[in-house]
Each structure stands twice: as structure tokens, then as C-alpha cells.
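Visitor: Have a look at this prediction, sequence included:
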Amino acid sequence: MSEYEIVLSGEGLQGIPGPKGDKGDKGDRGSQGPRGFLGLKGDQGDQGEQGDIGEQGEKGNTGSATNDWVALTPYIIGDRVTTPSGELAIAKTAHTSGATFTGNTDWFIGHQTGDPIPVAKSFGDDRPGVWEYTHNDDFGYLFHLLAGASFGTPASLIALGLDNGTGGGLLVANKASGVGVTIRQQATIANAAAYGLKVDGLSTVAPSVRIEQNVNGAADALQLLAFGAPTADQNLLLISAGGGNAGFIRAVDGRIDWRRDVTVRDNGATASGVRVGENSAYATWGDVAGYWSSHVKKGMDFYSPSGGGSLWRFAIETGGSYMNIRTGAAGAYGAAPTSDIIKIQHQKIAFHGATPVKKTGWTLPTGTKTRTGFSSDSVTLPVLAAHVAALLDDLHATAGYGLLNT
């Protein structure tokens, strides 16, 4: 063996082809070592006659390391190679490879169930990143993953499994002028279920989406924008609930089109309501030059400028068994009204001024009282008196509307 040598690869034995000339004898089969690298194809001699694809000593069973797939090479079940497209492949049959890679016919592509999953960053490894690359051009990607024709649900190009710990699955630290994440819904999409982003909420504890503002004066947490010329049925937002669509925000004018009840409640000592006011020329709600209204728990409040640096307040409110139309002296927004103008109760109505307008000094008439019709051409004094007596009864506070009082 003076002109040939057997070189230990560390994992198996590897034959080195002889020098140019007659085909050298096949190297002795080295004893099969532990699972290791595929023996390397012999270097091409000085283009003499290429030595046989060395019989590769005896090809040891490959371990976790892989070599490139080689044409016209025997493989046994479990051999691992890197395919011509750069993927991990594990032989599922014993075979001799053909001139081209046979794909799924003889190989499992990718890690298989039961394979040990490598740990890229173990506990105590304080490196900020295991793989770090810089993209320094204005075009293209660092990683470009494509879906093939057989790609289907529930397959994914990338999967992140947060099986343990409290760390995050994805962090995009936007530090300058870039856009953190862009999802482009192409015009070629024909399936309404091809969502740009979908969140499956399966937890009964944690919200599916949370947006936080962690600085005073923070910019908008969320913006919905419609550019160009939105159509009448175009929505910035659709909310669907049991029984169908609950509401929309229309893109054409920002209008809220709502089709369910709206519930507003006071929050403890803080009064809550639905408020309508002047346009954005008034930066402060309740500006004394503007018109404002609030739908509060007892009714509606209305405010109008007094012209003297304050607001008149009017209200339609309920209280006990009454509904009141009230007003108050000019003051600031939210000032309480001081006077009832009209009070309505079941089958009753009362009119008030700054003080009650009930006229006192009336005594209810006695005698006959009637509310039937009569002819003004022939009515007698007793019949007319009976009608007047009935009218006074109806206006008096004792049994009537309360316009008159004793």
C-alpha cells in the first residue's frame, strides 16, 4: 500500500484514488466505523482515467451530519444527504441513486418525527443573535420562501412554537424609517378567505390582540385609512356578531353604520353618555362659543352660547314618575338646570316659569258639572255654567292638571 493510503475522516474510512495511470485497485474496505460522513468521491486524477467512484471504503451509515447527494451512488435506509435544492433528505429505501434526484420516491424530505431537534441557543448563551445578517441593498430579501402547487392547509412556511417560557415568538424592532411588517394583498387574490392576517382566538384567558401605548403623548395606536375614491359599499371596518353583521365604518365618509343596541353606563362616580358637538374648530369640548348636546342616563342635555362667555343649558330628563323639560341660568358646560318648564306625568301636564305658574285663590265650583257638547246659539246660562264648572275642575290641582290652585 505504498502508493495508496487510507485516510481516517474521523467518522468512517475514506479511500483516496490512485495516481494517474491504470485503474488502481479498489482500496481495501476499511472496517465499518461509527455512523459518519459519506465517503468522499475520489479526487479526479490528473485526468488520467478517473478512478472508480471510490468504493468509499465501506460507506458508513451517516449520522446527523450530511453530505451532498451524489448521482449513481448506493444508499441505505436512514442515510442523510443535502439535496440539490439545499434541503435535508433521509433515505426511506435502500437504493442506488439515479442520474437525477428522485425526491419523495426514495427520500423523506426534512426532519422526521423522532429526530433530535438541535438546540441553537442553550440556557446561559448571552449572544444577542445566533444568526445575524445585514441587508444593505434597496431590493430583494434575505430569505425568500415560496409555496408550491401542493401547498395546502394547515401547512405553513414558518412555524413558531411557544411551548415553554414567557419569551416572545417574533420581535420587530422598528428603530428608524422602515415599516415593521408589511402584508400585501395582491390583486390576483380570488378567494375571500385568503386573509392577509388571521388570528385564531382559542384562549378563554388571553386576548388575541393587544396594543399598548407606553409613552405620554403617544401617536395613534391604530389608523384605518382609505385612499383614492372609496365606493359606497367599501368599509374600513366590519364587525360581525351572532345573527349577522353588527356594524360598519364606511370608507366613503367615515360614517358608523350600526345595527345593534348601544349600551352606555356610568362608571362609578363618572357620568357617561353619548356626546355631539361642534366641528373641530373648537378644540375643547364644551367651548362657550359652540353648540353641544349629551345623551346622559336621565335624558338629553343641550347647550348653546349665551353670548356672554357662558352656555345656556336645557334638558329633557326623567325623574321619578315625571318627564321634565328644564332650563338653567347661563354657566359652564355641565352646569345643572335650576327650573322646570314643563312637567309631564301620566295623564297630567304642568307648566312652570322661574317659579310655578299655578294661579292660587281658586275655589272649586259646586253644583252640576258637564262636559257634553252644546249649541252656542241656544245655550242657556245654567248649561254654560255647568261646562265652566267642569273645566275649572279639570284645570285645578285638586283633581286636574294643576294649572290652578286653591
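Guide: That came through fine.
Visitor: Can you give me the first-to-last residue distance of stretch 93-103?
Guide: 12 Å (Cα to Cα, to the nearest Å).
Visitor: and what of stretch 399-406?
Guide: 12 Å.
Visitor: pLDDT of it, averaged?
Guide: For stretch 399-406, the mean pLDDT works out to 75.
Visitor: List the buried residues in it.
Guide: Buried positions in stretch 399-406, judged by neighbour count with 16 or more other Cβ atoms under 10 Å: 400, 401, 402, 403, 404. Using the backbone N, CA and C atoms, a C-beta is placed for each residue, glycine as well.
Visitor: For these, which two are the farthest from each other?
Guide: Distance extremes for these: the farthest pair is 401 and 404 at 8.6 Å, using Cβ to Cβ.
Visitor: Let me see the ranges of the helices in the stretch 301-406 of the chain.
Guide: Shown for the stretch 301-406 of the chain, the helices assigned by DSSP state H, counting those that start in this stretch span residues 381-395.
Visitor: which residues does the closest residue to residue 103 other than its chain neighbours bridge with?
Guide: Nearest in space to residue 103, with sequence neighbours left out and distances taken as Cβ to Cβ, 6 or more residues apart in numbering, is residue 109 at 7.3 Å. Beta-bridge partners of residue 109, counted by DSSP bridges, are residue 89.
Visitor: Go ahead and confirm residue 109 touches residue 89.
Guide: Yes - here residue 109 reaches residue 89: they are 5.5 Å apart, a contact under Cβ atoms under 8 Å.
Visitor: any common contacting residues for those two?
Guide: Shared contacts of residue 109 and residue 89, defined by Cβ atoms under 8 Å, 6 or more residues apart in numbering, are found at residue 83.
Visitor: Pick out whichever of the two has more residues nearby.
Guide: For residue 109 and residue 89, the more surrounded residue by other Cβ atoms under 10 Å is residue 89, and the numbers stand at 24 against 14.
Visitor: Might you report the residue contacts of that one?
Guide: 69, 80, 81, 82, 83, 107, 108, 109, 110.
Visitor: so, if you compare those residues, which one comes nearest to residue 256?
Guide: Distances from residue 256 to those, taken as Cβ to Cβ, are shortest for residue 110 (49.2 Å).
Visitor: Just list the residues touching the closest one, thanks.
Guide: Contacts for residue 110 (Cβ under 8 Å, 6+ apart) come out as 87, 88, 89.
Visitor: where does the last one land on pLDDT?
Guide: Looking at residue 89, its pLDDT is 86.
Visitor: go on, residue 48?
Guide: Per-residue pLDDT puts residue 48 at 47.
Visitor: and what of residue 297?
Guide: Among the per-residue scores, residue 297 shows a pLDDT of 78.
Visitor: how close does it get to residue 328?
Guide: 18 Å (Cβ to Cβ, to the nearest Å).
Visitor: One more: residue 240?
Guide: Distance from residue 240 to residue 328, by Cβ to Cβ: 44 Å.
Visitor: Settle it for me: which of those two has more neighbours?
Guide: residue 328 (15 against 10).
Visitor: What is the neighbour count of residue 318?
Guide: Burial measure for residue 318: 12 neighbouring residues, criterion other Cβ under 10 Å.
Visitor: dump the residue contacts of it.
Guide: Counted by Cβ under 8 Å, 6+ apart, residue 318 has contacts 298, 299, 324.
Visitor: Contacts only, for the nearest residue to residue 397 once chain neighbours are set aside.
Guide: Spatially, and ignoring its direct neighbours in sequence, residue 397 is nearest to residue 405 (4.7 Å; Cβ to Cβ, 6+ apart). Going by Cβ under 8 Å, 6+ apart, residue 405 touches 358, 359, 360, 362, 396, 397.
Visitor: Identify the contacts common to residue 401 and residue 404.
Guide: Both residue 401 and residue 404 are contacted by residue 395, under the criterion Cβ under 8 Å, 6+ apart.
Visitor: any idea which of the buried residues of stretch 399-406 is closest to residue 186?
Guide: Using Cβ to Cβ, residue 401 is the member of the buried residues of stretch 399-406 that sits closest to residue 186, with 71.8 Å.
Visitor: What residue, apart from its backbone neighbours, is nearest residue 183 spatially?
Guide: Leaving out its chain neighbours, the residue that sits closest to residue 183 by Cβ to Cβ, 6+ apart is residue 196, at 4.1 Å.
Visitor: Report pLDDT for the one you found.
Guide: On the pLDDT scale, residue 196 is placed at 95.
Visitor: Now tabulate the contacts of residue 89 in TSV and tack on distance to residue 367.
Guide: Listed next are the contacts of residue 89 as TSV, based on distance: Cβ to Cβ, whole Å:
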residue	distance to residue 367
69	121
80	118
81	120
82	118
83	116
107	116
108	112
109	110
110	108
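Visitor: Mind giving me the PyMOL select for these, buried ones only?
Guide: Buried residues within the contacts of residue 89, by 16+ other Cβ under 10 Å, are selected in PyMOL with:
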select buried, resi 69+80+81+107+108
